[in-house]
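Engineer: here is my input; please provide its structure:
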Amino acid sequence: MGAGHPGARRGHQEARLQARQDRPAAPAGLGLGRVDRALGLHRRGLEAAGQGDRRPVGERRGHREVVHAAAPEPHRRERRRRGGRAVHPRQLAGHRRHRGPVRPLQVLSSEAFTWTVPADAAGARLDQVVAERWPELSRSQVRRALDEGRLTVNGRPPKKAGVTVRPGDVLCVAQGDSRVGEAPEGEDIPLRIVFEDEHLLVVDKPAGLVVHPAPGHAGGTLVNALVHHLDELAEADGAPDRPGIVHRIDKDTSGLLVVAKTVVAMAGLQAQFGAHTAHRRYRAVVLGPKLDEAGTIETLYDRHPRDRKRFTGRASRGRRACTHWRVLLRGEALALLELTLETGRTHQIRVHLSERGHPVVADPIYGRSAPKNGAGAAARELAAARRMPRLALHAAELGFIHPVTGEALLLTSPDPADLAALVAAIDAG
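Structural biologist: Alright, predicted model coming up:
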């Protein structure tokens, strides 16, 4: 009997009818096709939970093909109305979407950044303060720390990144893959000490040395050297990974920093730096000699809106940043500047000069390559700029009132050899 014979067709119809009668009853409002799909979802859910077929995939392939033929996977966006609202088939089959773990109240780790908010940061947004305090952390790292409960304010995860911080708030960003946050171990790294007594010391940091442990720099820092050479260092704002540190300069910037040995010295120095009364003067070689003899750059200062590892002085809101400058030496292509900081924001000098069209020589973030064109003195200066191995910025003067004796101290540091060679190449004409 052929497949097209009426008797054969009736046989097929009777078989299909019997198969329908053998199916489970459908819930109200749910078509038979939906039952197949729901059962298929349930079967796959049991397999995922370990309650279904546990044979290797290769051995189950024939069975899976049969299941797929009888219960095709529903489209991800397919919905069915129930009670006037859209319902996904997974919900109809009794499945609940997993929304991830509940954020814990507190995540403690010995590997963490910790900082107490000073008075001059009051009223700022949490994400802005974190970005400025820890520029090593990208925007995505900060967001992930917040989502995972590793960023806390006074031991509790904030509800959102834009909450306002208050003086005395303790911020903590817990880490999970480095020694950052632990009390650092001493390392025999040479130190050049400019001034020292029982309360504090001033060091002349070489370029290339990171001040304190940070992501990617858990060791080999100035702090590791200090721990090795000194018997006592004051704890900085409850941060065990940066004892004695009052202020910072960038890794590729050379020059002077003051370090506190005692708690009394730490408090007195932090008060001066927080009130912007400490004297900080830098020397920098910049591209482009055509700038006024002296001037002041004062802006609002914040993270760059598109690159969270950079900062900008063109922000519509942020914290005040002020840099005073004057020209010491002017050549054909380069100029030597003296810069005095009224505020001390991260990358402040580099950002202010770059956004005025005179970037610091060899600045890998805010600068530009020295051009290869030109002739005579300009060509020689630009060639020297291309040979400069690091950022042409040096913290040359540091002044403050001794927090214990009341003595006014002014320390100076000469240009390192690489910067001195660059300055010598400037043709003053």
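
Engineer: residue contacts, the closest residue to His402 other than its chain neighbours?
Structural biologist: Distances taken as Cβ to Cβ, 6 or more residues apart in numbering put Leu409 closest to His402, at 5.8 Å, once the chain neighbours are dropped. From N, CA and C alone the C-beta is placed, and that goes for glycine too. Leu409 makes contact with 195, 202, 399-402, according to Cβ atoms under 8 Å, 6 or more residues apart in numbering.

Engineer: any idea of the pLDDT on Leu409?
Structural biologist: According to the prediction, Leu409 has pLDDT 97.

Engineer: how about Asp188, what does it touch?
Structural biologist: Contact partners of Asp188, counting by Cβ under 8 Å, 6+ apart, are 225, 228.

Engineer: longest strand in this protein, please.
Structural biologist: strand 319-330 (DSSP state E).

Engineer: of the contacts of Leu409, grab the buried ones for PyMOL.
Structural biologist: A single PyMOL command is used to select the members of the contacts of Leu409 judged buried by 16 or more other Cβ atoms under 10 Å:
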select buried, resi 202+399+400+401+402
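
Engineer: circling back: next SSE after the longest strand of the chain?
Structural biologist: Note on strand 319-330: by DSSP states H and E, the next helix or strand toward the C-terminus is strand 334-341.

Engineer: that following strand: partners in the sheet, and parallel or antiparallel?
Structural biologist: Next to strand 334-341 in the sheet, as set by DSSP bridges, lie strand 279-287 (antiparallel), strand 319-330 (antiparallel).

Engineer: worst-scoring helix or strand of this structure, pLDDT-wise?
Structural biologist: When the helices and strands of the chain are scored by mean pLDDT, DSSP states H and E, helix 57-70 comes last with a mean of 37.

Engineer: burial count for the residue lying closest to Thr346 once chain neighbours are set aside?
Structural biologist: Residue nearest to Thr346 in three dimensions, not counting chain neighbours: Pro135, with 4.9 Å by Cβ to Cβ, 6+ apart. Using other Cβ atoms under 10 Å, Pro135 is surrounded by 19 other residues.

Engineer: which element is Pro135 on?
Structural biologist: Using DSSP H and E, Pro135 maps to neither a helix nor a strand.

Engineer: mind listing what it touches?
Structural biologist: Pro135 sits next to 309, 311, 346-347 when contact means Cβ under 8 Å, 6+ apart.

Engineer: now Gly367: closest residue in space, sequence neighbours ignored.
Structural biologist: What sits nearest to Gly367 in space, not counting adjacent residues and going by Cβ to Cβ, 6+ apart, is Pro359, at 3.9 Å.

Engineer: the one you found touches Ala370, doesn't it?
Structural biologist: No: using Cβ atoms under 8 Å as the test, Pro359 is too far from Ala370 to be in contact (10.0 Å).

Engineer: shared neighbours of those two, anything?
Structural biologist: What both Pro359 and Ala370 touch, as defined by Cβ under 8 Å, 6+ apart, is the set Leu287.

Engineer: and Leu410, that's in a strand?
Structural biologist: Yes: the assignment for Leu410 (DSSP: H, G, I helix; E, B strand; the rest coil) places it in a strand.

Engineer: tally up the residues packed near it, please.
Structural biologist: For Leu410, the neighbour count with other Cβ under 10 Å is 10.

Engineer: please renumber the chain so that the first residue is 18 from this point on.
Structural biologist: Shifting the count to begin at 18 puts that one at Leu427.

Engineer: pairing partners for it in the sheet, please.
Structural biologist: Counting by DSSP bridges, Leu427 is bridged to Gly416.

Engineer: is it true that it touches Arg297?
Structural biologist: No: checked against Cβ under 8 Å, the pair Leu427 and Arg297 is beyond contact range at 11.2 Å.

Engineer: how about the helices of the protein, start to end?
Structural biologist: Secondary structure of the chain (DSSP state H): helices located at 23-39, 49-65, 74-87, 106-109, 143-150, 156-164, 239-246, 280-291, 365-372, 393-404, 434-442.

Engineer: need the least confident one among the ones you listed, by mean pLDDT.
Structural biologist: For those, where the average pLDDT is lowest is helix 74-87, sitting at a mean of 37.

Engineer: list the contacts for the closest residue to Ile382 other than its chain neighbours?
Structural biologist: Nearest residue to Ile382, sequence neighbours excluded (Cβ to Cβ, 6+ apart): Arg327, at 6.1 Å. By Cβ under 8 Å, 6+ apart, Arg327 lies in contact with 320-321, 364, 368, 382-383.

Engineer: turn those into CSV, including neighbour count and distance to Arg407.
Structural biologist: Shown next, in CSV, are these (neighbours: other Cβ atoms under 10 Å; distance: Cβ to Cβ, whole Å):
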residue, neighbour count, distance to Arg407
Arg320, 21, 24
His321, 16, 22
His364, 22, 15
Val368, 26, 18
Ile382, 17, 13
Tyr383, 20, 14
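
Engineer: what's the closest of the residues you listed to Arg167?
Structural biologist: Arg320 (19.8 Å; Cβ to Cβ).
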